[in-house]
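Colleague: no letters, just coordinates:
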């Protein structure tokens, strides 16, 4: 992790225009603390910074505190229920991605190949365009009364993945997945998840 933080600092110091980052899952307080000097230095030089967090990060006080500090320094922050894998892209010419998205401690890959960077940038921009600025509320869909997280959860579970995997992609626990599904089933008047899936599809929720 020290080597990763060191490389991120080097990338930040070399930035001339922008830094884009996607930060899914839970953020460790020590990682945010380690990032602050490089972020402050880059923002102080007028570098544009855009950061994506998962919707669940709004419930993590240390993350929201850090995110609001970034906002106060001129950065842009948005959240979405599901976002691309962890990545940092500097000046659209170099990026850093985890070797194993499930475990950042296994190391990171420094990317400079234009083809790979173009794909990463596409993922980032697609997520950014559908994300909500920090501080703004994401209203429920007036047609379905589903939140963005609930709609994404329905989509994930309908594809056949487990609660644990869906929770990992949304940055929430499997217990929270269960609570969301119980609420959705109650609104649909469904006695089982299978019935909920049929009714959700029939109503055009999927």
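Modeller: Ah, there it is. It should be emphasised that the depicted structure is a prediction, and the values quoted were computed from it without experimental measurement. Residues are numbered from 1 along each chain as shown.
Colleague: so for stretch 119-132, mean pLDDT?
Modeller: Averaged across stretch 119-132, the pLDDT comes to 90.
Colleague: all further residue positions should be reported with the first residue as 186.
Modeller: Sure thing, new numbering starts at 186, so read that last one as stretch 304-317.
Colleague: buried residues in that stretch, which are they?
Modeller: Buried positions in stretch 304-317, judged by neighbour count with 16 or more other C-beta atoms under 10 Å: 305, 309, 312-313, 316-317. Just so you know, the C-beta spots here come from the backbone N, C-alpha and C atoms, and that holds for glycine as well.
Colleague: please apply the same query to stretch 346-353.
Modeller: In terms of neighbour count (16+ other C-beta under 10 Å), stretch 346-353 has its buried residues at 348, 351-353.
Colleague: in helices only, show me these.
Modeller: Judged by DSSP state H, these include 348, 351-353 as members of helices.
Colleague: output these as JSON lines; include the columns distance to residue 382 and pLDDT.
Modeller: Output for these, formatted as JSON lines (distance: C-beta to C-beta, whole Å; pLDDT from 0 to 100):
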{"residue": "348", "distance to residue 382": "14", "pLDDT": "85"}
{"residue": "351", "distance to residue 382": "13", "pLDDT": "84"}
{"residue": "352", "distance to residue 382": "18", "pLDDT": "84"}
{"residue": "353", "distance to residue 382": "21", "pLDDT": "82"}
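Colleague: and which of the residues you listed is nearest residue 195?
Modeller: Residue 195 lies nearest to residue 353 out of these, by C-beta to C-beta, at 30.1 Å.
Colleague: residues touching that closest one, list them.
Modeller: 210, 287 (C-beta atoms under 8 Å, 6 or more residues apart in numbering).
Colleague: ok, it to residue 380 distance?
Modeller: 26 Å (C-beta to C-beta, to the nearest Å).
Colleague: do residue 234 as well
Modeller: Taking C-beta to C-beta, one finds residue 234 at 46 Å from residue 380.
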